[in-house]
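K.L.:
model the structure of this input:
(2 chains)
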2 protein chains.
Amino acid sequence: MATTTAGPATTAAFITPPALLKHWQGHRRLTRRMIEAFPDDKLFTFSVGGMRPFGELAMEMVGMAEPTVRGVITEKWDQYSAAKATTKAELLRQWDESTKQIDQFFPQIPAEHFKDTVTAFGQYTMPVNELLLYIIDNEIHHRGQGYVYLRALGIEPPPFYVRD
Amino acid sequence: MATTTAGPATTAAFITPPALLKHWQGHRRLTRRMIEAFPDDKLFTFSVGGMRPFGELAMEMVGMAEPTVRGVITEKWDQYSAAKATTKAELLRQWDESTKQIDQFFPQIPAEHFKDTVTAFGQYTMPVNELLLYIIDNEIHHRGQGYVYLRALGIEPPPFYVRD
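P.N.:
Okay, here's the model as predicted:
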């Protein structure tokens, strides 16, 4: 993946694994606040332009995040499936459970494994770091979509830059 | 920033600088396709929920991306200012110019500098890697917003996972 073939640049860190985990969990705290910001009766029903409601997008995130980290360390992959929740409280409970498991599993990934290519969920073949970035990027992407839904509902979304 | 204080994990790479640049430029290709996907007469005018039109969001991205990478290597920071374009063609021209300059400047950042704390644009103080991730994340966030605008206009957005 690196564009150089030798020398320090190929082994130096843009970011270390612990710092990346911290960065991701910051994003997850913001996404959790987004789930909370939706009115209960809109979370699984409201959308714009025929897209999926935010609750459905969040269930996709839950179905991808912890199962990917677990798959990377166990090398056992189930078929991908979205989480199933029908209330905000249940979705938040699953979100928080994922958060704990990610904190437990992520540090178990050996540092040298992030550049290795794996096949996630039996179908997505790419390096471990690209796979994890894809999941984080997908969360940011769909959360950005959720910001529009909240604005369209007349609700001020939580600030993008607050991650604590 | 790392959550461990010693040992290999603090110096190992989740991702190397060249791989991160490649990842970012993949995102930038997708964002460029998003700009192209907007009809000329909607790019700077259409939005949902009172938010900024996509052209304005893209001008923010142009104002942040290359100036940040340049500031990191020169340690000279101007005040932040958004790009100024009034047509899609002009915006794309500025986008492509930024892309070339990022490819030129990013590899000049010394590998050991990514963890150092800087103050960007005279006001944003954080480690270089967090600063660059913030800019990439902000691009993904606002692009996700743009996906809703396109759908609301009845236009199919480019696929999220295609980055070539």
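
K.L.:
for the biggest helix by length in chain A, the distance to its chain's centre please.
P.N.:
Longest among the helix segments of chain A by residue count, using DSSP state H, is helix A:128-152. Centroid separation between helix A:128-152 and its chain, computed with Cα atoms, centre = their mean, to the nearest Å, is 7 Å.

K.L.:
so what secondary structure elements neighbour it?
P.N.:
helix A:17-37, helix A:54-74, strand A:117-120, strand A:124-127, helix B:17-37, helix B:128-152 (3 or more Cβ pairs under 8 Å, 6 or more residues apart in numbering or on different chains; DSSP states H and E). To be clear about C-beta, it is placed using only N, CA and C from the backbone, and glycine gets the same treatment.

K.L.:
quick one: closest of those to residue B:51.
P.N.:
The closest of the helices and strands packed on helix A:128-152 to residue B:51 is helix B:128-152. By Cβ to Cβ, the value is 6.5 Å.

K.L.:
and the closest residue to residue A:70 other than its chain neighbours, how many neighbours?
P.N.:
Nearest residue to residue A:70, sequence neighbours excluded (Cβ to Cβ, 6 or more residues apart in numbering or on different chains): residue A:105, at 5.5 Å. Burial of residue A:105 is recorded as 17 neighbouring residues (other Cβ atoms under 10 Å in any protein chain shown).

K.L.:
residue A:105 contacts residue A:65, doesn't it?
P.N.:
No. Using Cβ atoms under 8 Å, residue A:105 is not in contact with residue A:65, being 10.4 Å away.

K.L.:
tally of neighbours for residue A:156?
P.N.:
8.

K.L.:
tell me the SS of it?
P.N.:
coil (DSSP: H, G, I helix; E, B strand; the rest coil).

K.L.:
and for residue A:91, nearest residue in space, chain neighbours not counted?
P.N.:
Per Cβ to Cβ, 6+ apart, closest to residue A:91 is residue A:85, 4.0 Å.

K.L.:
am I right that residue A:23 is in contact with residue A:16?
P.N.:
No. Using Cβ under 8 Å as the test, residue A:23 is too far from residue A:16 to be in contact (10.4 Å).

K.L.:
ok so, going back, next, the angle from the longest helix of chain A to helix B:54-74.
P.N.:
140 degrees (axes from the mean of the first three to the mean of the last three Cα atoms, to 10 degrees).

K.L.:
for helix A:128-152, what does the pLDDT average out to?
P.N.:
Average pLDDT, helix A:128-152: 98.

K.L.:
quick one: low-confidence parts of chain A?
P.N.:
Along chain A, the model assigns pLDDT under 70 to residues A:1-11.

K.L.:
what is the neighbour count of residue A:13?
P.N.:
25.

K.L.:
that one - that's part of a strand, no?
P.N.:
No. Under three-state DSSP, residue A:13 sits outside any strand and is assigned coil.
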